[in-house]
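> Turn this into a model:
(one chain, ligands or ions: 1)
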Amino acid sequence: MDTPPAVRARGITKCFGEVVALDGIDLDVAQGQIHGLVGPNGAGKTTLLGLLLGLAAADSGSLDILDTPVGRALTAPEGVAGFVDGPGLYPSLTARQNLAALAALRGGRRARGAGIDDALDQVGLTDVAADKARGFSLGMRQRLGLAAALLTRPRLLVLDEPSNGLDPAGKKHVHGVLTRLAAEGTAVVLSSHRMDDLEALCSEVTILSTGRIVFTGPLSKLAAENSELDYRLLTSDPQTARRIADGTADVHVAGSAAEWRGAEALVVRALVPALDELVAHLVRDGVAIRELAPVVSPLEAAFLALTEPQEAGR
Ligand SMILES: Nc1ncnc2c1ncn2[C@@H]1O[C@H](COP(=O)(O)OP(=O)(O)OP(=O)(O)O)[C@@H](O)[C@H]1O
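Now for the predicted structure:
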């Protein structure tokens with residue numbers, strides 16, 4: 001329980017001239033946690049990730065990474081790997097040569113063929129290991145960058161929008177790698193504009209808006225704290241479902257039925273306890289529930305609710 005956090009930031013501020021990119025950031029990321037950073041363009045996500053990678057130093061505040069205070073020297077803290085603004089690769093080298101070169105640059109300790117082949121396999125690039133990086137798509141470059149980070153066996157992995165450009169197979173590989181790393185105790189901090197990715201991967205998220213944290217904590221807390229959500233409800237008997245929903249306290253049914261994948265769906269607005277009540281009623285009356293999901297995900301709803309006022313007030 002008292003293992004030190006992978007990241008402990010207190011009162012971090014970072015300015016670029018007149019622009020306050022980060023304004024008093026407090027952040028805790030536990031070991032083995034996948035922590036998502038989300039926020040509108042220019043919110044400060046990349047700047048914060050850059051500080052974790054040692055690419056820049058904070059103007060003020062304190063930052064401890066893997067239980068070691070980060071000074072002003074611009075070097076990656078020991079045990080940290082990752083990239084912002086896309087991975088640095090050698091276009092004229094093959095995928096395998098890139099990994100060998102990067103490993104050699106880091107001191108050659110891990111420049112072993114087996115480690116490189118395993119990293120390529122984990123990110124699903126074995127088939128193109130002998131192809132030059134020059135011809136790689138954005139998604140392939142992202143995966144090769146992740147493979148390079150894996151070679152260092154990081155205890156903190158920092159990734160800026162790792163889902164960019166990934167096809168479904170690439171996404172499956174990347175999610176698999178990150179989930180495995182976290183299960184082994186590595187902390188992962190990543191930014192994304194993809195709410196579905198963040199919800200699938202992260203146990204905790206931090207929502208940034210104009211350099212400030214407007215929410216940090218578990219996704220479950222975000223859903224619980226949020227106001228009522230709209231849910232799409234697909235059942236075996238839409239008419240009976242509507243009658244039951246109309247009769248359930250604190251459940252508001254949208255006027256007209258919505259068509260969803262060729263079936264008639266109800267849209268109901270409720271907090272989770274009222275929704276639980278509705279589900280119990282439906283089951284009791286023999287109505288089968290085929291699908292019940294938020295129309296807009298809790299993270300997206302909270303994101304919009306928490307960031308739009310600030311955006312409008314700019
Ligand atoms: N090197 C820099 N020089 C000047 N201003 C910068 C620099 N880096 C970032 N900024 C500014 O700091 C603020 C935060 O930028 P940052 O790139 O961290 O945001 P972000 O949340 O990653 O945005 P995006 O979602 O667009 O990637 C922005 O106003 C940006 O213009």
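
> Run through the stretch 201-314 of the chain and note the low-pLDDT ranges.
Scanning the stretch 201-314 of the chain for pLDDT under 70 picks out 223-226, 256-257, 309-314.

> What residue in it comes nearest to the ligand?
Sorted by distance to the ligand under CB to the nearest ligand atom, the residues of the stretch 201-314 of the chain start with residue 208, at 6.4 Å. To be clear about C-beta, it is placed using only N, CA and C from the backbone, and glycine gets the same treatment.

> now the helices for the stretch 151-300 of the chain?
Ranges of helices within the stretch 151-300 of the chain are 168-183, 195-201, 219-225, 238-246, 272-284, 298-312, based on DSSP state H, counting those that start in this stretch.

> ok, and what's touching stretch 212-222?
Residues from elsewhere that reach stretch 212-222, judged by CB atoms under 8 Å, 6 or more residues apart in numbering: 23-28, 199, 202-208, 298-299, 302, 306-307, 310.

> can you redo the helices of the stretch 151-300 of the chain as JSON lines with mean neighbour count and distance to the ligand?
Compiled in JSON lines, the helices of the stretch 151-300 of the chain are given as follows (neighbours: other CB atoms under 10 Å; distance: least, CB to the nearest ligand atom, whole Å):
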{"stretch": "helix 168-183", "mean neighbour count": "17", "distance to the ligand": "19"}
{"stretch": "helix 195-201", "mean neighbour count": "18", "distance to the ligand": "13"}
{"stretch": "helix 219-225", "mean neighbour count": "15", "distance to the ligand": "19"}
{"stretch": "helix 238-246", "mean neighbour count": "17", "distance to the ligand": "39"}
{"stretch": "helix 272-284", "mean neighbour count": "16", "distance to the ligand": "30"}
{"stretch": "helix 298-312", "mean neighbour count": "17", "distance to the ligand": "11"}
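
> between these, which one is nearest to residue 265?
Nearest to residue 265 among these is helix 238-246; the distance by CB to CB comes to 7.6 Å.

> Quick one: name the residues of this protein near the ligand.
Contact residues of the chain with respect to the ligand, defined by CB under 6 Å from any ligand atom, are listed as 16, 19, 21, 39, 41, 42, 43, 44, 45, 46, 47.

> Which of these fall in strands?
16, 19, 21 (DSSP state E).

> Filter those down to the buried ones, PyMOL style.
The PyMOL selection below is limited to those of these classed as buried (16 or more other CB atoms under 10 Å):
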select buried, resi 21
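
> now the strands: where do they sit in the stretch 1-150 of the chain?
Secondary structure of the stretch 1-150 of the chain by DSSP state E, counting those that start in this stretch: the strands cover 7-16, 19-29, 34-38, 60-65, 68-69, 80-83.

> tell me the most buried of these?
When you average the neighbours per residue for each of the strands of the stretch 1-150 of the chain (mean count of other CB atoms under 10 Å), strand 34-38 leads with a mean of 25.

> what's that one in contact with?
7, 29, 45, 48-49, 178-179, 182, 187-193, 195, 198, 201-208, 299, 303.

> same deal with stretch 119-133?
Stretch 119-133 is touched from outside by 89-96, 98-99, 117, 136, 140-141, 143-144, 146-148, 150-151, 169-170, 172-174, 176-177, 180, with contacts defined as CB under 8 Å, 6+ apart.

> Residue 20 is in contact with residue 47, isn't it?
No. Because the distance of 10.2 Å does not satisfy CB atoms under 8 Å, residue 20 is recorded as not touching residue 47.

> Between these two, which contacts overlap?
For the pair residue 20 and residue 47, residues contacting each of them under the criterion CB under 8 Å, 6+ apart are residue 14.

> so residue 267 touches residue 232, yeah?
Yes. Under the criterion of CB under 8 Å, residue 267 lies in contact with residue 232, with a separation of 5.9 Å.
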